[in-house]
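Colleague: Sequence first, then the predicted structure:
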Amino acid sequence: MPDEKEITIRESTNTVPRVKPPPKSSAIPVPFVYHPSDDGTDENLLILLHGLGDTQIPFGKLGRQLHLPQTATLALRAPEKIPFLYEEAYQWYTSFDPLGELLERPNPTPALELMTRVVDHLIQDCSWQPHRIHFFGFAQGGSVAAEFALKFWRSELSLQQKSLPAPSRADVEQHNPRALGSIVSVCGPLLSYPTLQKPCTSPILVFCRPPPADSAMKPGAITEFKKGFMRVEEVNMKGEGMPRSKEEWEPIMRFWSENLGRRQMDGLYEVMAGMASP
């Protein structure tokens, strides 16, 4: 027959386990809520970071309610309890001065060190690949998520630089920098001004509340994101705080649909046209 193509079918292979080992409390020094994927395939991990004065509990419930396909969720509690409060209220880093006023230039280093420890455990012990680890953070949690994505990218660029072969060592294997899967920051600005030799390739969605909302970010916040990230999507919706309605969640769900990975299921086969059988 004219234009007939030979079709070869081969079994799809994936060396990364479909079901990942759960994270261990002995390796993560803060309380957390972990849920494996509803459909039994842990292809993506969504890490949820709460805002100032909250805990991991409501964000653990949120992760379960999202029902994202092939996606496990991990909600972490911030490491520091807010001083002088009786209720369970936590902060990712010191946020108030001795007079109780919010710090204008907080230092997120403790939170970033915690996230490094958590992600190292997820990669080394739980079989997660960096590009399958995604973040969702609200307010202070969004700032930590974005800052950590930049920190992770800087470390990868540094490893690449160190692996560049010397003139006499052309056989040295070069390290290809890895980026995290994606970030969603809801009303969480960057805390530092990014200076990178190459912007981070992790796509980021920044969900903003315009003034006069209490959770509105300062002018120029999106410009700072664009200095640090190659792909920045901005969503502006009137209101306050976390997304609540279906309309407010829609751009976030669309962003995830474009950036979450999808595993070909066991027992399925890849169909390749125009290739001869082995």
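Modeller: Yep, it's here. On a predicted model such as this, the values are computed, not experimentally measured, just so you know.
Colleague: right, and the helix or strand after the biggest helix by length in the chain?
Modeller: Counting residues, the longest helix found in the chain (DSSP state H) is helix 140-163. Remark: after helix 140-163, the chain's next helix or strand is strand 182-186, criterion DSSP states H and E.
Colleague: for the helix or strand following that following strand, packing partners?
Modeller: Downstream of strand 182-186, the first helix or strand assigned by DSSP H and E is strand 204-208. The contact analysis (3 or more C-beta pairs under 8 Å, 6 or more residues apart in numbering; DSSP states H and E) places strand 204-208 against strand 182-186, helix 221-228, strand 232-236, helix 246-259. Bear in mind the C-beta positions are built from the backbone N, C-alpha and C, glycine included.
Colleague: ok, and the closest non-adjacent residue to Pro21?
Modeller: Leaving aside its chain neighbours, Pro21 sits nearest to Cys126 (4.9 Å; criterion: C-beta to C-beta, 6 or more residues apart in numbering).
Colleague: For the one you found, which residues are in contact?
Modeller: Cys126 sits next to Lys20, Pro21, Pro22, Pro23 when contact means C-beta atoms under 8 Å, 6 or more residues apart in numbering.
Colleague: Next up, the contacts around the second one.
Modeller: Right, Pro21. Asp125, Cys126, Ser127 are the contacts of Pro21 under C-beta under 8 Å, 6+ apart.
Colleague: now swap in the first one and tell me
Modeller: With contacts taken as C-beta under 8 Å, 6+ apart, Lys20 has the following neighbours: Pro36, Asp42, Leu45, Ala72, Cys126, Ser127, Trp128.
Colleague: Mind checking which of these land in strands?
Modeller: If you go by DSSP state E, the contacts of Lys20 have Leu45, Ala72 in strands.
Colleague: which of the contacts of Lys20 count as buried?
Modeller: Buried subset of these (neighbour count, 16 or more other C-beta atoms under 10 Å): Asp42, Leu45, Ala72, Cys126, Ser127, Trp128.
Colleague: Can you lay out those as a markdown table showing pLDDT and distance to Phe138?
Modeller: Below are the buried ones among the contacts of Lys20 laid out as a markdown table (pLDDT from 0 to 100; distance: C-beta to C-beta, whole Å):
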| residue | pLDDT | distance to Phe138 |
| --- | --- | --- |
| Asp42 | 96 | 24 |
| Leu45 | 98 | 18 |
| Ala72 | 98 | 19 |
| Cys126 | 97 | 24 |
| Ser127 | 96 | 28 |
| Trp128 | 97 | 22 |
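Colleague: hang on, the earlier thing: take the contacts of Lys20 and write them to CSV, including distance to Phe135.
Modeller: CSV is the format used below for the contacts of Lys20 (distance: C-beta to C-beta, whole Å):
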residue, distance to Phe135
Pro36, 18
Asp42, 16
Leu45, 10
Ala72, 13
Cys126, 16
Ser127, 19
Trp128, 13
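Colleague: Gly220: which of the contacts of Lys20 is nearest?
Modeller: Nearest to Gly220 among the contacts of Lys20, counting by C-beta to C-beta, is Leu45 at 31.9 Å.
Colleague: Buried ones in stretch 131-143, by neighbour count?
Modeller: Applying 16+ other C-beta under 10 Å to stretch 131-143 flags 131-143 as buried.
Colleague: Pick out whichever of the residues you listed sits closest to Gly60.
Modeller: Phe136 (12.2 Å).
Colleague: Mind listing the strands the helix or strand the closest one falls within pairs with, and their directions?
Modeller: Phe136 is part of strand 133-138, with elements assigned from DSSP H and E. Partners of strand 133-138 in the sheet, by DSSP bridges, are strand 44-49 (parallel), strand 182-186 (parallel).
Colleague: ok, the residue nearest to Gln70 when sequence neighbours are not counted to Ser127 distance?
Modeller: Once flanking residues are discounted, Gln70 sits nearest to Glu43: 3.9 Å by C-beta to C-beta, 6+ apart. Distance from Glu43 to Ser127, counting by C-beta to C-beta, to the nearest Å: 11 Å.
Colleague: returning to what we had before: mind giving me a markdown table with the buried residues of stretch 131-143 and columns for distance to Leu66 and pLDDT?
Modeller: Conversion of the buried residues of stretch 131-143 to a markdown table gives the following (distance: C-beta to C-beta, whole Å; pLDDT from 0 to 100):
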| residue | distance to Leu66 | pLDDT |
| --- | --- | --- |
| His131 | 20 | 97 |
| Arg132 | 16 | 97 |
| Ile133 | 16 | 98 |
| His134 | 11 | 98 |
| Phe135 | 14 | 98 |
| Phe136 | 9 | 98 |
| Gly137 | 14 | 98 |
| Phe138 | 14 | 98 |
| Ala139 | 19 | 97 |
| Gln140 | 21 | 97 |
| Gly141 | 16 | 98 |
| Gly142 | 16 | 98 |
| Ser143 | 21 | 98 |
